[in-house]
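>>> everything below, folded, please.
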Amino acid sequence: MTHLSHPTGEAQLDFGKMEAMKGGELIDVHTLILILLFSIILSSPFPLSRQDTECLLYGLKEIF
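Now for the predicted structure:
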């Protein structure tokens, strides 16, 4: 895992995957992850497995 550093007033944004329980099974959940200064992490899961503009905009809307 890479250590992330954040200059004051900046954030890092990336697509990622998490695991979640659904119906007693572990499933992959695609997410948009926003990491702010001092490790404040916000994420937005979405049902699509794409990493495109539509998913980026959907994720940002859900986070903010």
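>>> going forward, measure contacts and count neighbours with C-alpha atoms only.
Fine.
>>> for residue 40, give its distance to residue 32.
14 Å (Cα to Cα, to the nearest Å).
>>> tell me which of those two has more neighbours.
When residue 40 and residue 32 are compared for neighbours, residue 32 comes out ahead with 23 against 9, by other Cα atoms under 10 Å.
>>> which strand residues bridge the more buried one?
Counting by DSSP bridges, residue 32 forms beta bridges with residue 15, residue 44.
>>> over to the one 4 residues further on?
Beta-bridge pairing of residue 36 under DSSP bridges involves residue 40.
>>> and residue 33, how many neighbours?
One way to gauge burial is a neighbour count; for residue 33, by other Cα under 10 Å, it gives 21.
>>> where does the residue of the chain positioned farthest from its centre fall, phi/psi-wise?
No residue in the chain sits farther from the centre than residue 24, which is 23.1 Å out by Cα atoms, centre = their mean. Backbone geometry at residue 24, expressed as degrees, to the nearest 10, gives phi 80, psi 0.
>>> list the buried ones in stretch 40-48?
Buried residues in stretch 40-48, defined by neighbour count with 16 or more other Cα atoms under 10 Å: 42-46.
>>> ok, so of those residues, who is nearest residue 54?
Minimum separation from residue 54 among the buried residues of stretch 40-48 (Cα to Cα) is found for residue 46, which lies at 10.7 Å.
>>> right, and that closest one touches residue 29 too?
Yes: proximity of residue 46 to residue 29 meets the contact threshold set by Cα atoms under 8 Å, at 7.1 Å.
>>> and for whichever strand or helix holds residue 13, what's in contact with it?
With the criterion set as DSSP states H and E, the secondary-structure element containing residue 13 is strand 12-22. Judged by Cα atoms under 8 Å, 6 or more residues apart in numbering, the contacts made with strand 12-22 from elsewhere in the structure are 6, 26-36, 51.
>>> got the angle for the helix or strand bottoming out on mean pLDDT in the chain vs strand 12-22?
When the helices and strands of the chain are scored by mean pLDDT, DSSP states H and E, strand 40-46 comes last with a mean of 83. Using axes from the mean of the first three to the mean of the last three Cα atoms, to 10 degrees, one finds that strand 40-46 and strand 12-22 are set 60 degrees apart in direction.
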